[in-house]
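Trainee: sharing a sequence plus its predicted fold:
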Amino acid sequence: MNKAHLLLATVIALAAVPASAQPATPGAAECAALQTMQLPGFALSEVSAQWIAAGPAKPPLPPTLVLPARCRVQGTLDRRTGAGGQPYGIGFAVALPEAWNGRFLFQGGGGFNGVLGEPIQGLARGFAVVSTDAGHRSPNGNALDTQFLSDQQATIDFAYRAVERVTALAKAVIARHYTQPISHSYYVGCSTGGREAMLAAQRFPTEFDGVVAGAPAMRSYYAVLGVDWVNVQLNQVAPKDATGQPVTRDALSSTQKKAVIEGIRTACDANDGVRDGLVFNVTACTFNPKTLVCTETNKGAGCLTAAQAAALERGFAGPRTGEGRQVYAPFAFDTGVADTQGLGGLLNGGFNGSTISTSDLKAAVRWADTNEANGITDTAGWTNMATFADRGGKMIFYHGLSDPTFSALDTVDYYNRLASANGGIDAVQRWSRLFLMPGMGHCGGGSLTADSVDMLTAIVDWVERGAAPDAVVATRTAEPKLTRPLCAYPKYAHYSGRGDPNDAANFACRAP
């Protein structure tokens, strides 16, 4: 996952959120004092405090975004020497706006973390924001580096402890800097940040009032296996390169990929009342690749061989053992599966590339089942959220249906299990909602998708005003521009048949 997508996951709209209290206004002098702060229970080192004047954001953020004057505190928590003599510690950065709205926001990470992201989400609205590298620094800023997993404590910090420690630290810093208490606390993230948002609610149910979990990286090692499974099937029909290795992205020609997308549109697009390239009625989508197999009457360049259609059918169905165990969720046949934006669609080889063969499935499943890191990072197995819900906590999930890394249907499965464990769908929707985003890739992107959506305002309004989000409006900023309501699962947006089909106002949420 690239930095642009992580930033997109971090800055999902910039609409104003009303302040919850009259803000305190400490300035540069109070900021400088934080550089020498000592906080009981926290071993701090390498602390710096910088006063930053208000001004436009730096790329890749839009220059039209003006960030407020703020104190930026950075440092390391629990510095130590770990495996192989490598230095470890939980890096953190806190942004403390001059005009604080009384709220605290933990900005989730991405990949395997190891990168200290700039704490900016919600900053323009007046939130005090914290970010962390989760306990290790990756070489060359590579958020996909996994060398730290050789160190036990670093693995624990990445899995969950950094969230706990940095939450407590950030709240202590905020208390030191301002003269008023925090009114509400939020956690927002996508991918690894989405997994962190889940564990924030699961393991620390009294710390946050609202969490937003986008495309959560739960069951990460099974997800790797799931993507590789798709690639393995495609590689059986892919051409070989000069070294004899299959070229996954060329398993289908560009014309055939377009035919697959058109086949999905023909089978599923109009089920939401309008043919627009976005499949909102996901449960009614029954696309079968075999309908595109070449016949006497279908000999066009876009038709598929029987082997190609079978490879697609097997791959998207997800890996299943000979005993019938569904190892990882299926992937949805969505109109973004051949996209070339961001991480690329599954039909372009996905994100991970092929690392297993069909004969290795049992070994791959055993690898995922016994992986130690998977055992402590997984958030898919925990559904007891009674404390979080009973104290008024609210939780929003969102996931792109064309995500080539983590299947949106795995998040749907978790949400269904969450509902079953907490009194059913009506009961769980009192405190948790799921929004599926057609055409969207991993945490954003897609040539047709409407992926500009303000989940932060949605969670704040739910927590502080009791306004449960039956739907949130998503915007496609590229041409042709449109807006669509994203309806809380299991409902979907259906066109009324009247008015501009590019206007969200002409859609209503309908049960499947």
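Mentor: Thanks, I have the structure now. Since this is a predicted model, take the numbers as computed values, not measurements.
Trainee: need the strands for the stretch 1-150 of the chain, in chain order.
Mentor: Using DSSP state E, counting those that start in this stretch, the strands found in the stretch 1-150 of the chain span residues 44-52, 55-56, 66-67, 70-81, 87-97, 103-107, 128-132.
Trainee: same list (these) but as a markdown table, adding mean neighbour count, distance to T283 and mean pLDDT.
Mentor: Using the backbone N, CA and C atoms, a C-beta is placed for each residue, glycine as well. What follows is the strands of the stretch 1-150 of the chain, written out as a markdown table (neighbours: other C-beta atoms under 10 Å; distance: least, C-beta to C-beta, whole Å; pLDDT from 0 to 100):
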| stretch | mean neighbour count | distance to T283 | mean pLDDT |
| --- | --- | --- | --- |
| strand 44-52 | 15 | 48 | 97 |
| strand 55-56 | 11 | 44 | 94 |
| strand 66-67 | 15 | 42 | 94 |
| strand 70-81 | 20 | 45 | 97 |
| strand 87-97 | 23 | 41 | 97 |
| strand 103-107 | 27 | 33 | 98 |
| strand 128-132 | 27 | 37 | 98 |
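Trainee: out of those, nearest to A504?
Mentor: strand 103-107 (26.5 Å; C-beta to C-beta).
Trainee: strands paired with that closest one, and their directions?
Mentor: If you go by DSSP bridges, strand 103-107 pairs up with strand 128-132 (parallel), strand 184-190 (parallel).
Trainee: who's in contact with it?
Mentor: 10, 17, 20, 117, 119-122, 126-131, 163, 166-167, 170-171, 174, 182-189, 193, 196, 200, 208, 456, 460 (C-beta atoms under 8 Å, 6 or more residues apart in numbering).
Trainee: can you tell me which of those are buried?
Mentor: 10, 17, 117, 119-122, 126-131, 163, 166-167, 170-171, 174, 182, 184-189, 193, 196, 200, 208, 456, 460 (16 or more other C-beta atoms under 10 Å).
Trainee: was I right about G400 contacting G446?
Mentor: Yes - applying C-beta atoms under 8 Å as the test, G400 and G446 come out as touching, 7.0 Å apart.
Trainee: shared neighbours, those two?
Mentor: 336, 439-440.
Trainee: ok, and the most crowded of those residues?
Mentor: G336 (32 neighbours; other C-beta atoms under 10 Å).
Trainee: just to be sure, that residue is in a helix?
Mentor: No - per DSSP: H, G, I helix; E, B strand; the rest coil, G336 lies outside any helix segment and is coil.
Trainee: the closest residue to T283 other than its chain neighbours: neighbour count?
Mentor: Counting by C-beta to C-beta, 6 or more residues apart in numbering, T283 lies nearest to P512, which is 4.4 Å off, once chain neighbours are set aside. Neighbour count for P512, taken as other C-beta under 10 Å: 12.
Trainee: picking that back up, turn the shared contacts of G400 and G446 into a markdown table, columns for distance to K481.
Mentor: Listed next are the shared contacts of G400 and G446 as a markdown table, based on distance: C-beta to C-beta, whole Å:
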| residue | distance to K481 |
| --- | --- |
| G336 | 18 |
| G439 | 14 |
| M440 | 16 |
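Trainee: in stretch 202-217, what's buried?
Mentor: 202, 204-205, 207-217.
Trainee: typo on my end, it should be stretch 300-319
Mentor: For stretch 300-319, using 16+ other C-beta under 10 Å, the buried residues are 302-304, 308-312, 314-316, 318-319.
Trainee: pLDDT (mean, whole number) over that stretch?
Mentor: Mean pLDDT, computed over stretch 300-319, is 95.
Trainee: got it, and stretch 143-152?
Mentor: Stretch 143-152 comes out at a mean pLDDT of 90.
Trainee: what's the end-to-end length of that stretch?
Mentor: Between the opening and closing residues of stretch 143-152 lies a distance of 19 Å (C-alpha to C-alpha, to the nearest Å).
Trainee: can you give the distance of it from its chain's centre?
Mentor: 21 Å (C-alpha atoms, centre = their mean, to the nearest Å).
Trainee: ok, now stretch 235-244?
Mentor: 32 Å.
Trainee: distance between the ends of that stretch?
Mentor: End-to-end distance (C-alpha to C-alpha), stretch 235-244: 11 Å.
Trainee: so for it, mean pLDDT?
Mentor: The pLDDT scores in stretch 235-244 average 91.
Trainee: flag every buried residue along it.
Mentor: Result for stretch 235-244 [16+ other C-beta under 10 Å]: buried residues 235-238.
Trainee: ok so, going back, list just the nearest of the buried residues of stretch 202-217 to L418.
Mentor: Using C-beta to C-beta, the buried residues of stretch 202-217 come closest to L418 at Q202, 10.4 Å.
Trainee: mind checking which helix or strand of the chain has the lowest mean pLDDT?
Mentor: helix 3-10 (a mean of 41; mean pLDDT, DSSP states H and E).
Trainee: and the helices in the stretch 151-300 of the chain, which stretches?
Mentor: Applying DSSP state H, counting those that start in this stretch to the stretch 151-300 of the chain gives helices spanning 152-156, 162-177, 192-203, 220-235, 254-268.
Trainee: nearest to T36, of the ones you listed?
Mentor: By C-beta to C-beta (comparing all of the helices of the stretch 151-300 of the chain), the closest turns out to be helix 162-177, at 11.3 Å.
Trainee: gap between the closest one and the chain center?
Mentor: 24 Å.
Trainee: now do that helix: which elements does it pack against?
Mentor: strand 70-81, strand 87-97, strand 103-107, strand 128-132, helix 192-203 (3 or more C-beta pairs under 8 Å, 6 or more residues apart in numbering; DSSP states H and E).
Trainee: residues in contact with it?
Mentor: 26, 30-31, 34, 37, 39, 41-42, 71, 73, 77-78, 90, 92, 94, 96, 104, 106, 113, 128, 130, 132-135, 157, 181-182, 185, 196, 199-200, 203-204, 207-208.
Trainee: pLDDT wise, what is I12 at?
Mentor: For I12, the model assigns a pLDDT of 39.
Trainee: please apply the same query to A368.
Mentor: Reported pLDDT for A368: 87.
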